[in-house]
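**Q** Based on what follows, work out the 3D shape:
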Amino acid sequence: MSDVKRTNKRAEKAKETRRRILAAASELFVQDGYGATNLQDVAEKAGVAVQTIYFVFGNKRALLKELVDVTIAGDDEPVATMDRPWYVAALAAGTAQDMLRAYVAGTTSVLERVAPIGRVLEAAVASDPEVAALWPYDVDPRHVVQQGAARALAGKPGARAEVSVEEAADLLYGLLSPELYLLFVHERGWTREHWEQWVGETLRTQLCTMGGNG
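**A** Numbers count the residues shown, from 1 in each chain. The predicted structure is shown next:
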């Protein structure tokens, strides 16, 4: 076997180990809570030695951070949300109605993954203030994403001219939030389809003219 093949095989094995650890951490953090889960539990679930987790991630806080980041993205590729194909395609739609339809569908897929982990993160921050320091942002990255969508929407046929980009971003930020998704889907038992239809119609009413197509 060539050195290149050996290197590729090792790299793929390391990636697979990382994914197994993240999957185990996700299941245990959601099921038992961040505070109640220790790294030995995660190691046993993932089928690795606990030393492997320390080697790969460093500590439990770093494991949580990577889990949150990977859950938001949907994979472990280093691609920002605003460069993701679903986001780029939604913002490229020809009309405000079409953009919102694609944007709500894409965002709902993200919320479906993120909402349970969001609760874990909220509890983790409450029990360990140092967790919050793992995301040292001056601005909320989720709001930045919604601002980008609001700016794109404002220039499309069918967008309500009287709604400012700032207000549109706030509406997207509030209605497409993990908290609201959890409230309706997890607490009130709505299906994903019901949620997606409702939030899409609500946003179209607020952000699109009545004469917009679709």
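**Q** Ser26: what's it in contact with?
**A** Going by CB atoms under 8 Å, 6 or more residues apart in numbering, Ser26 touches 67, 71, 117. Yep, even glycine has a C-beta here, placed from its N, CA and C like the rest.
**Q** In contact with the second one, which residues are there?
**A** Right, the one you point to is Thr71. Thr71 touches 26, 113-114, 117, counting by CB under 8 Å, 6+ apart.
**Q** just the residues you listed now: which is nearest Ala46?
**A** Closest approach between the contacts of Thr71 and Ala46, by CB to CB: Ser26, at 10.6 Å.
**Q** any low-confidence regions in this protein?
**A** 1-6, 76-79, 135-139, 211-214 (pLDDT under 70).
**Q** So which residues of it form strands?
**A** With DSSP state E as the definition, the chain shows no strands.
**Q** Quick one: the helices in it, in order.
**A** Under the criterion DSSP state H, the chain contains helices at 3-32, 39-46, 50-57, 60-73, 85-91, 96-127, 141-154, 165-175, 178-181, 192-207.
**Q** Flag every buried residue along the first one.
**A** In other words, helix 3-32. 17-18, 20-22, 24-26, 28-29 (16 or more other CB atoms under 10 Å).
**Q** One more: the fifth one?
**A** With burial defined by 16+ other CB under 10 Å, the residues of helix 85-91 counted as buried are 86-87, 90-91.
**Q** who does it touch, helix- and strand-wise?
**A** Here helix 85-91 touches helix 96-127, helix 141-154, going by 3 or more CB pairs under 8 Å, 6 or more residues apart in numbering; DSSP states H and E.
**Q** Can you show me the CA trace of it as PDB?
**A** Extracted as PDB, the C-alpha positions of helix 85-91 are listed here (Å, rounded to 0.1, in the frame of the first residue of the first chain):
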ATOM      1  CA  PRO A  85     -25.800  25.500  -1.100                       C
ATOM      2  CA  TRP A  86     -29.300  25.600   0.300                       C
ATOM      3  CA  TYR A  87     -28.800  29.200   1.600                       C
ATOM      4  CA  VAL A  88     -27.200  30.400  -1.700                       C
ATOM      5  CA  ALA A  89     -29.900  28.800  -3.800                       C
ATOM      6  CA  ALA A  90     -32.800  30.300  -1.700                       C
ATOM      7  CA  LEU A  91     -31.300  33.800  -1.900                       C
END
